[in-house]
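Asks: starting from these lines, generate the structure:
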Amino acid sequence: VTGSLAASAAGRIAVEAHHMSVADYFRLGGEPPRLSGLVESVRRVKDEEEIDLIRTACALTDQAFADVLPRLRPGVTEREVARALEIRMIELGADGPAFDSIVASGPNGSIPHHSPSERPLRRGDLVTMDFGAMYGGYHADMTRTVAIGEPAAWQRELYDLVRSAQRAGRHAVRPGALTHEVDAAARDLITAAGHGEYFEHGLGHGVGLEIHEVPFLAPPKPDSDAGHARLEDRVPVTVEPGVYLPGVGGVRIEDTLVTRDVGPELLTRTTKELLVL
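Replies: Okay, here's the model as predicted:
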């Protein structure tokens with residue numbers, strides 16, 4: 001098919017560089033101009049039907065968390081928690097999990113993208129769960145961190161810091177805001193508290209047919225457009241600051257929300273109070 005296209009096309013051919021294999025590129029021949037990121041840019045703003053699907057995916061995510069929460073206790077493994085969340089989302093009507101769920105307990109919480117292991121939850125752990133449902137092809141993304149047993153003073157302090165940063169980031173999400181400004185609203189609080197080096201990733205990303213879409217809420221990069229995009233109305237994004245203390249533990253809090261002219265619409269509604277189990 002690709003060869004036929006190259007032979008029969010009149011004029012110029014534009015390709016999506018993110019999705020074309022090297023083999024297909026050579027089958028086309030020549031040096032066709034590339035419109036990198038065009039489709040992703042068009043998909044950035046969602047219509048209300050798409051937002052309804054994301055809203056439903058987020059509601060399923062919230063409900064699955066509420067249903068699985070009573071099962072979190074010492075002795076249950078990270079992998080068992082991740083499996084329970086994914087099964088419950090499907091039972092509630094999700095197409096499936098939006099991505100491989102993250103469950104990170106105790107010192108594993110210092111790894112932002114930790115893969116669930118056979119480590120059992122222990123009293124005194126902070127447990128970070130990053131997961132989401134997919135519904136109608138659209139994705140949800142939520143992270144909550146809970147405490148198993150009464151948390152230590154440093155754990156409460158860290159949680160309160162991340163919660164404050166997450167609130168500031170959410171409030172900065174509005175049409176017209178530059179993506180690096182939204183990132184800075186949360187990052188500056190964490191940096192001022194002395195933990196800037198332990199916030200290792202961007203503040204958030206777009207959500208839709210893919211779990212990671214444009215725009216990306218992140219610091220600006222030299223010689224790049226990163227961080228310089230402006231948010232528009234009806235753009236679903238995540239806000240997910242985190243602090244990860246090497247070998248000790250971490251906290252991340254994440255919501256999916258939609259930019260609106262009247263203020264951001266929160267789609268993941270589970271409480272952000274520190275839950276002590």
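
Asks: wait, Phe65 touches Val146, no?
Replies: No: counting by Cβ atoms under 8 Å, Phe65 sits too far from Val146 to count as a contact (9.6 Å). In this view, the C-beta of every residue, glycine as well, is placed from N, C-alpha and C.

Asks: now do the shared contacts for the two.
Replies: With contacts taken as Cβ atoms under 8 Å, 6 or more residues apart in numbering, Phe65 and Val146 have Met129 as neighbours in common.

Asks: please tell me how far Gly169 sits from Ala133.
Replies: Distance of Gly169 to Ala133, given as Cβ to Cβ, to the nearest Å: 23 Å.

Asks: equivalent analysis for Arg44, please.
Replies: From Arg44 across to Ala133, the span is 22 Å (Cβ to Cβ).

Asks: neighbour count for these two, which is higher?
Replies: Ala133 (30 against 18; other Cβ atoms under 10 Å).

Asks: pull the contacting residues for that one.
Replies: By Cβ under 8 Å, 6+ apart, the contact set of Ala133 is 57-58, 60-61, 64, 89, 92, 94-98, 139-140.

Asks: at 7 Å instead, please
Replies: By Cβ atoms under 7 Å, 6 or more residues apart in numbering, Ala133 lies in contact with Ala57, Leu60, Thr61, Ala64, Met89, Ala94, Pro97, Ala98, Ala140.

Asks: what is it paired to in the beta sheet?
Replies: According to DSSP bridges, the partner residues bridging Ala133 are Pro97.

Asks: if I look at it, how far off is Thr256?
Replies: In terms of Cβ to Cβ, Ala133 sits 11 Å off from Thr256.

Asks: now list whatever residues contact both of those two.
Replies: Common neighbours of Ala133 and Thr256 (Cβ under 7 Å, 6+ apart) are Ala140.

Asks: who's in contact with stretch 262-275?
Replies: In this structure, residues lying in contact with stretch 262-275 by Cβ under 7 Å, 6+ apart are 54-55, 58, 61-62, 65, 140, 142, 144, 146-147, 151, 156, 159, 163, 166, 170, 173-174, 253, 255-258.

Asks: just the buried subset of the residues you listed, written out for PyMOL, thanks.
Replies: Buried residues among these (16 or more other Cβ atoms under 10 Å), as a PyMOL selection:
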select buried, resi 54+55+58+61+62+65+140+142+144+146+147+151+159+163+166+170+173+174+253+255+256+257+258
